[in-house]
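Colleague: Predicted structure and sequence below. I'll ask about it afterward.
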Amino acid sequence: MILGENFNRDGADQGWSPWDGVEKVDRELQRLWDSEIKDYFKAEGEFLRTYGVQAGYESSYIRRVLYDHEKLAELVREGGEENARLFSEVLKRLFRFKEEYLERHLDRMTGSGGTAPGSPSGGSWN
């Protein structure tokens with residue numbers, strides 16, 4: 001939804017309703033899910049179920065990612081403004097979880113202890 005699309009150049013209301021936004025949020029979330037997210041999650045899920053353990057992923061990681069994928073799909077199916085907000089929160093937590101998992105894995109591999117440039121510990125590449 002583009003801010004101000006329900007107002008003319010003078011700022012006069014052209015029949016906006018708070019429920020209009022809910023429908024637009026639902027449609028946009030469904031569009032994003034269908035066009036950009038669903039296929040990625042499907043491929044990632046298939047990979048983790050088939051090769052995840054062999055590829056070195058911990059079973060707890062696999063379970064968490066697959067659970068979050070299913071939760072996100074459920075929120076899209078159910079729709080509504082609150083579920084769109086929850087979708088955003090679950091997706092952010094999933095990204096953070098995956099990022100932290102990868103950082104821990106890389107730290108173990110390299111023995112760096114999390115001191116990459118820009119990290120909270122303020123390390124440097126040199």
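Modeller: Structure received.

Colleague: mind listing what residue 93 touches?
Modeller: residue 68 (CB atoms under 8 Å, 6 or more residues apart in numbering). No exception for glycine: its C-beta is placed from N, CA and C like everyone else's.

Colleague: residues in contact with the residue positioned nearest the centre of the chain?
Modeller: For the chain, the residue nearest the mean C-alpha position is residue 91 (2.7 Å; CA atoms, centre = their mean). Going by CB under 8 Å, 6+ apart, residue 91 touches residue 72.

Colleague: again, but for residue 57
Modeller: residue 48.

Colleague: rewinding a little: roughly how far apart are the residue nearest to the centre of the chain and residue 74?
Modeller: Applying CB to CB, to the nearest Å, the value for residue 91 to residue 74 is 13 Å.

Colleague: cool, and residue 52?
Modeller: For residue 52, the distance to residue 74 - CB to CB - is 22 Å.

Colleague: ok, now residue 66?
Modeller: For residue 66, the distance to residue 74 - CB to CB - is 13 Å.

Colleague: neighbour-wise, which of the two wins?
Modeller: For residue 66 and residue 74, the more surrounded residue by other CB atoms under 10 Å is residue 66, and the numbers stand at 16 against 13.

Colleague: How about that one, nearest residue that isn't a chain neighbour?
Modeller: Nearest residue to residue 66 in three dimensions, chain neighbours excluded: residue 45, at 5.7 Å (CB to CB, 6 or more residues apart in numbering).

Colleague: So which other helices or strands are in contact with the helix or strand containing the one you found?
Modeller: Assigning secondary structure by DSSP states H and E places residue 45 in helix 38-51. Packing partners of helix 38-51 (3 or more CB pairs under 8 Å, 6 or more residues apart in numbering; DSSP states H and E): helix 59-78.

Colleague: and for the helix it packs on, what are the contacting residues?
Modeller: Contacts of helix 59-78 (CB under 8 Å, 6+ apart): 29-30, 33, 37-38, 41, 44-45, 48-49, 52-53, 83-84, 86-87, 90-91, 93-94, 97-98, 101.
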